[in-house]
Every structure is written in structure tokens, then in C-alpha cells.
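Please find the sequence and the predicted model below.
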Amino acid sequence: MTILQRYVGREFLKIFALCFCGLLATYVLVDFFQRIDLFLNYPTPVRWKLLYFALKMPLFVFHITPVSLLVALLVTLGILSRNREITAAKCGGVTLMHLCLPLVLAGALASLLVFLTNEYLVPAATRQAQAVLDVRIKNRPMRSIFRQNRIWFYGERQTIINVQLLDPVEQSLEGVTLYRFDRSGTRLIQRIDARSARYRRGRWELSTVTIRTFRADGAIRTRSLPRHALRRTEKPADISQYRERPEEMNFRSLAEYVRKLRRSGFNPAAYVVDLHAKLALPLVSLVVALLAIPFGFRAGPGGGVVASLGASITLGLAYWIVISIGISLGHAGKLPPPLAAWLPNAFFMSLAGYLWLRLEQ
């Protein structure tokens, strides 16, 4: 790497560190004030509340890294352009690609680090943060566990509920089994298997139901019903708050969950979107770098820090809107899952390619 490249890389890293720390502090403060009720309404030791916020740091880093990179790139290029350093480099026969190589490498490295963070740190930290919030801060009993891609929920009246797939938006469950025990909790008295369950008007409506009643004398009574209404105190929100979300699983675990749902005959489209997003979202940093570099050069010597910050906000907001729309359409089934996850990157990568071609002209 040449002296000029090292200089550009050093200037970028200084600004990136400043942007990253500032955005991280802002992110923590915003989340703190959104969760201020944790400190006011729950008389639990402060150390658990601080641990909760500390465990959310990997998720914060995942969210702010692309934004910090975008701001740092445009501000760096804006300062270099304002100081006429880019013009001087071009007059010396230095190509823009040579000058920007450290910035492209920074984008690639950021994408790799974001992927590793999201794969190895975010799932475990998010699960622990939720456990600290529910058990240590809100003093709720641990009523549910997630094992082998299934939800086991300890319900009221000596009942254990097993669910393969939960859709909190539709308030529905797929692949449901209820185990009822006697008052002592030692003898199984009834098992109810249902293809699906929908929560409607204060009760669960089960479809394709098999009810097995286990009598004290060892006899088993079996009934099969197309539909069956069941009144339970548990609501979809009670179960969904304990489910393991896609952000609490790494790529391998989520892929295995998707395969299991397909083998069981369920439609895992929403989870497939999240699976592709685990690969697509870390690449945002690299795409942002490739987009920001020609965008920053086109600003010309008249640009500066304020103009660069404005451009950063505009580009970042546009990227966030396109990503949100794509993933939302994928979750709603309006777009194929791969297209929903990868369309934003493809769109902005195409835009970056166009800007690079125009820049070289």
C-alpha cells in the first residue's frame, strides 16, 4: 500500500472511529430513554439493568456499522475534496481507483466483521438479554424454552403446550400439541394434537384435531375432529414473547429450522426472508462503500462536512426505506424471499456501478 493510500486510510479510520462512537452513544441513549420504565417500575438491582443494556451492544454494533461507514466515507471524501487533495492526486497521475482502494477494503472488512458479529455474538447476546429482562428485571417465571426448533410453553392448569411454528401477526400456531396432567403433575390425562390453531374472539379454534384421553385404568380414548374450539387463558402474545426470534438464531440454526418446517409441510416463507437477510444485510457495508465513493467525488471541491453529512442522511434513509419495504413485502408474501432480501443490495449496487461509470467519463 502506497503512502497516499495509507494517508487516506488513516484519515478515514479517525473519522470512522468518531462517527462510530458518537452513533453508538446516541443509540444507547435513545434505547435507554425508551426503556426508562425498567429503572422506574421494577425495583430490581441496577446491575441486572446495566447487564441488559450491555448484552444489547452487539445488536447495536450490527445496526450502526453501515451508517458509521457511510458517514465516515462521505465526510472523509468531502474534506479531501475541500482541501483540493483529490485534485492534487489526480494531477499527479493517481487514479481514483488507486486512491480509494483502502476505502473499498474498509467496506469489505466491515461487511465481514458485521457478518461474524451477527453470526456468533448477536444471537447469544439477544437471548441472554431477553432472559435478563424477563426473569431478572420483570421477575417473570421461565415459562418457555426453545429446543430443537420447537417451542415448549408451560401453560396454566398443569398444561404443557408444544408448538412447531408461531405467527404472531396472524395470531396462529402450526403443529400444536397440548399435554394435560392431573393436579399432582405426575400423570398425563389428556393429549390434544392439532394441525393448526387460530385465536379468534377469546378462544383457540383448532383444526384437524386428535384428542386422546388417558384413563386411570390404563385405557385410552381417541377422538378425531375436523375442528374443535378450546378456551384457554393463554393468548398469542403470551407465547410469542417467549419464542426464539430469527435474530436469536445464527444462519445454521435458522436454516435447519426452515428445513424442518418444510419437511413438516408448513410454509416458512417469512423465515426464508430472514435467512437470506442474514447474508444480505452484512453486505450493506460493502455496497455503501461502493456507492458513497463516487457519490462523494461527484460533490466536487465545493462540498464539505455539512454537505457530506446531508448526503449521508439522505443515502442512509433511502437505503433503510428500500430495505424495510423489501423485507416487509417478503414477510407478507408479496415478493419471493430471495428477491425481498437481495433487491435493495442489487438496486444500490447497480446505482453504484452507474455512478462509477459516469465518474470515469
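Yes, it's here. Residues are numbered from 1 along each chain as shown.

so how far is Leu165 from Leu50?
Taking Cβ to Cβ, to the nearest Å as the measure, Leu50 falls 35 Å from Leu165. Heads up, the C-betas are built off the backbone N, CA and C, glycines and all.

Oops, could you answer that again for Leu290 instead?
38 Å.

And Ala125, by the same measure?
As judged by Cβ to Cβ, Ala125 and Leu165 stand 25 Å apart.

which one of these two has more residues nearby?
Leu165 (23 against 18; other Cβ atoms under 10 Å).

Now do the phi/psi pair for Gly175.
Phi and psi for Gly175, reported as degrees, to the nearest 10, are phi 70, psi 70.

Tell me how many other residues surround it.
21.

So it sits against Val163, correct?
Yes - between Gly175 and Val163 there is a contact under Cβ atoms under 8 Å: 6.6 Å.

Please export the C-alpha coordinates of stretch 77-90 as PDB.
Extracted in PDB, the C-alpha atoms of stretch 77-90 (Å, rounded to 0.1, in the frame of the first residue of the first chain):
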ATOM      1  CA  LEU A  77     -14.000  12.500   0.800                       C
ATOM      2  CA  GLY A  78     -15.700  15.800   1.500                       C
ATOM      3  CA  ILE A  79     -12.700  17.000   3.500                       C
ATOM      4  CA  LEU A  80     -10.200  15.800   0.900                       C
ATOM      5  CA  SER A  81     -12.100  17.400  -1.800                       C
ATOM      6  CA  ARG A  82     -12.500  20.700   0.000                       C
ATOM      7  CA  ASN A  83      -8.700  20.800   0.700                       C
ATOM      8  CA  ARG A  84      -8.100  20.100  -3.000                       C
ATOM      9  CA  GLU A  85      -6.100  17.000  -2.100                       C
ATOM     10  CA  ILE A  86      -8.100  14.900  -4.600                       C
ATOM     11  CA  THR A  87      -7.400  17.400  -7.300                       C
ATOM     12  CA  ALA A  88      -3.700  17.300  -6.500                       C
ATOM     13  CA  ALA A  89      -3.600  13.500  -6.500                       C
ATOM     14  CA  LYS A  90      -5.300  13.400  -9.900                       C
END
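
quick check, Ile151 in a strand?
Yes - membership of Ile151 in a strand is supported by DSSP: H, G, I helix; E, B strand; the rest coil.

Report the buried residues of the helix or strand Leu40 falls within.
If you go by DSSP states H and E, Leu40 is part of helix 36-41. Within helix 36-41, the residues that count as buried by 16 or more other Cβ atoms under 10 Å are Leu38.
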